[in-house]
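# Sequence plus the predicted model coming up.
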Amino acid sequence: MKEIFEKIFDLALPYQNKRNDKGHIEILLSYVKKLMKVEKGNENIIIPAIILHDVGWSQMPREKRFIIFKKGATAEEILAVRYEHQEKGVKLAGEILNKVHYPIDSVRDILEIISEHDTRKGFISKEDGLVRDADKLWCFSSVGFKADVTRSNISPEARYGQLNSKIEHADYFYSKTAKKMAREELESRKKETIKD
């Protein structure tokens, strides 16, 4: 990783893993590097956006951070929490990028991606698409799959079904590469957790 990315990573580290998602950023960085090998994209936008996209969760009380996984939470409650973490994430990400004197044109693009990475319909750029693809692939990873089963208190079979139905949904993944990776990961989760 470039030295500037390492600096951003180090500054963001205290604000990571606030929803029982240890390793989230490291896993996403691994996915996005694989995606960029095939799909290309501007790493000067993509890598900082991946590192910083969820720092906003750290700015919210624990009970709010976990509303998304709460049984009985309304769609409105979940959406409100997602908007709040994006808004707080933009502010904190901007402060971090300012500390490392990141180029202003890139900062604008990074913050725009963060501003609606969980709520935007459609994709505004390749960089936005690949950041959001990597973020969604977290759910398909072994760590993310297990975390979601635990946090949402559902069976592995139910989670498998949820994820399987999302792969081909028109607005879920940006790239064909991410869809392929998701199918491969989901097959691995099936072998690991679901008994025939």
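Arrived safely.
# residue ranges with poor pLDDT in this protein?
Within the chain, the ranges that satisfy pLDDT under 70 run 195-196.
# For G94, pull up the helix or strand it's in.
helix 75-99 (DSSP states H and E).
# just how off-centre is the following helix or strand past that helix within its chain?
Counting by DSSP H and E, the element after helix 75-99 in chain order, helix or strand, is helix 104-115. Remark: helix 104-115 is offset 16 Å from the chain centroid, using Cα atoms, centre = their mean, to the nearest Å.
# quick one: buried residues of helix 104-115?
Buried positions in helix 104-115, judged by neighbour count with 16 or more other Cβ atoms under 10 Å: 106-107, 109-115. The way it works is simple: take the backbone N, C-alpha and C, and place the C-beta from them, glycine included.
# and if you look at stretch 16-29?
So stretch 16-29, judged by 16+ other Cβ under 10 Å, has buried residues 16-19, 21, 24-25, 27-29.
# contacting residues for the residue nearest the centre of the chain?
Nearest to the mean C-alpha position of the chain, by Cα atoms, centre = their mean, lies D135 at 2.7 Å. By Cβ atoms under 8 Å, 6 or more residues apart in numbering, the contact list for D135 reads 28, 50, 53, 117-118.
# which of those residues lies closest to M181?
L28 (12.2 Å; Cβ to Cβ).
# Identify the residue spatially nearest to the closest one, adjacent ones excluded.
Using Cβ to Cβ, 6 or more residues apart in numbering and skipping the chain neighbours, the partner closest in space to L28 is A134 (4.6 Å).
# That neighbour in helix, strand or coil?
Per DSSP: H, G, I helix; E, B strand; the rest coil, the local secondary structure of A134 is helix.
# One more: K121?
coil.
# what about it, distance to I50?
21 Å (Cβ to Cβ, to the nearest Å).
# Neighbour count for the two, which is higher?
I50 (29 against 6; other Cβ atoms under 10 Å).
# Name the helix or strand for the more buried one, please.
Element membership for I50, per DSSP H and E: helix 43-52.
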